[in-house]
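>>> Sequence and computational prediction follow.
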Amino acid sequence: MSETASNASMTGERLRQARRIVVKIGSALLVDPETGRLDDLWFASLVDDIAALRARGQDVLVVSSGAIALGRGHLGLKEGSLRLEQSQAAAAAGQIRLAHAWQEALGRHDIPVAQVLLTFGDTEQRKRYLNARGTLETLLKLNSVPVINENDTVATEEIRYGDNDRLAARVAQMVSADCLVLLSDVDGFYTADPTIFSEAEMMTEIMEVTPDIEIMADESATDLGSGGMITKIAAAKIALRAGCHMVIASGRNPHPLQAIESGAPCSWFVADRSPARVRKQWIAGTLKPRGELVVDDGAAAALSDGKSLLPAGVVQVAGDFQRGDAVIVRDREGRELAHGLIAYSAGEARRIIGRRSSDIAAILGYQGRDELIHRNDLAMSLRGP
Ligand code: GLU
């Protein structure tokens, strides 16, 4: 193998090694603009690739565009660009068909499919974000593939993404994915628009979205996709900040995910930290703690072994906080052990501390999480000698 070819397949490793992958598919790939119908053969090959990732034990979430493109023909909205309310109507007619197509295709591989329609607020407002995240986590735990789109029918001009590139990046961040694949009809990120400048070159590895890259994105904007390169670069910024690698790759040929793995030319945006590390830094450094918990020696030892914090090990609760807020965890001597995101409000926490997790349902009247703070939501503080 030549050096370039072996480097290329090395980059395919990022997809092979990922634990959790978000795949975004652009409308232009899914729907034939002439007929307004789904490209069945291509679609089946993409779904085969997704099934292969699932069979290897990787979690997959799909962000699928195509509702508007599929729906417009059904409503007789054939020609030209659509007004907002027409796009929303087209999305309503198209989404049902899109979801059905995914269900049929993944169903052939015995993979359950679940439709999730998100609005901008669902990803930007903390409470809704936490709920959406919880649902997606549960769907993945139940071995299904969530198929996500923007809820175009209710999103108004001011509060919509309008492009699925950024939505996909926010989803990747939400579920701590380690790889985001943007499949569209462009095969990568170029130094300039390759259809105009013959000297334009594809950048294969990008470690940081610098102002120069943003300028290039602006210049290489074409009318391909809803946002062209600008939204893809905005997505890259979100993904890299979340510790998620992102790849811009062509989806034009059959088996587009297999092609990335075998080293087809594409542009990788390479994250320098893992999603787990980013999340812990965010919990420890960015969020303002709203309360404090004091834990007994057994719980303190369990925490330093990397375990979750159970209600049984907590002796005191201070402060007024909501589910999902950050709190500080201290030992009996008042030394800070960790920061964490708590799964119960202050009032609920006060009622369940010192009790077994199996008693939570009887005490609160509903079955919440067994852990007061799950280990994924704990960032241990640095201890001196
Ligand atoms: N949500 C739109 C649709 O499904 C697509 C947005 C985009 O092209 O990025 O039709």
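Received it, and whenever you're ready, just let me know what you need.

>>> neighbours of L118, just the number please.
22 (other Cβ atoms under 10 Å). For the C-beta atoms, the positions are set from N, CA and C on the backbone; glycine is no exception.

>>> My guess is it contacts R166. True?
No - with contacts defined as Cβ atoms under 8 Å, L118 does not count as touching R166, sitting 11.5 Å away.

>>> Report the buried residues of the helix or strand hosting L140.
Secondary structure from DSSP states H and E places L140 in helix 126-141. Across helix 126-141, burial judged by 16 or more other Cβ atoms under 10 Å covers Y129, L130, A132, R133, L136, E137, L139, L140.

>>> R97: how many residues sit nearby?
17.

>>> Same check on P275?
22.

>>> show me the contacts for it.
Residues in contact with P275, defined by Cβ atoms under 8 Å, 6 or more residues apart in numbering, are Q173, S176, A177, D178, A242, G243, C244.

>>> from the buried residues of helix 126-141, which are also near the ligand?
Subset of the buried residues of helix 126-141 in contact with the ligand: empty, counting by Cβ under 6 Å from any ligand atom.

>>> could I get those as CSV with pLDDT?
Converted to CSV, the buried residues of helix 126-141 look like this (pLDDT from 0 to 100):
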residue, pLDDT
Y129, 83
L130, 81
A132, 91
R133, 90
L136, 96
E137, 94
L139, 97
L140, 97
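
>>> Against which helices or strands is the top helix by length along the chain packed?
When the chain is scanned for its longest helix (criterion: DSSP state H), the result is helix 84-107. Under the contact criterion of 3 or more Cβ pairs under 8 Å, 6 or more residues apart in numbering; DSSP states H and E, helix 84-107 touches helix 40-55, strand 59-64, helix 67-74, strand 113-118, strand 145-150.

>>> what's next to it, contact-wise?
30, 38, 43-44, 47, 50-51, 62, 64, 66-72, 74-75, 77, 82, 112-113, 115, 117, 145, 147, 149, 152-157.

>>> again, only this time at 6 Å
38, 47, 66-68, 70-72, 74-75, 77, 113, 115, 145, 147, 152-153, 157 (Cβ atoms under 6 Å, 6 or more residues apart in numbering).

>>> Narrow these to those that are buried.
Among these, the ones that count as buried (16+ other Cβ under 10 Å) are 38, 47, 66-68, 70-72, 77, 113, 115, 145, 147, 152-153.

>>> what about the residue nearest to R56 when sequence neighbours are not counted, which SS state?
Excluding its sequence neighbours, the residue lying closest to R56 (Cβ to Cβ, 6 or more residues apart in numbering) is R16, at 8.0 Å. Of the three states, R16 takes helix under DSSP: H, G, I helix; E, B strand; the rest coil.

>>> So what's the residue count around R16?
Using other Cβ under 10 Å: R16 sits among 13 other residues.

>>> Distance check, the residue nearest the centre of the chain against the ligand.
With distances taken as Cα atoms, centre = their mean, A172 lies nearest the centre of the chain, 1.6 Å away. Distance, A172 to the ligand, by Cβ to the nearest ligand atom, to the nearest Å: 15 Å.

>>> got the contact list for the helix or strand in which that residue is found?
In this assignment (DSSP H and E), A172 forms part of helix 164-174. Contact with helix 164-174 is made by 22, 24, 63, 65, 123, 133, 148, 150, 161, 180, 227, 231-232, 234-235, 238-239, 242, 244, as judged by Cβ under 6 Å, 6+ apart.

>>> count of residues packed around the closest residue to the ligand within the stretch 251-385 of the chain?
Going by Cβ to the nearest ligand atom, the ligand is nearest to G251 of the stretch 251-385 of the chain, at 13.0 Å. By other Cβ under 10 Å, the residues close to G251 number 26.
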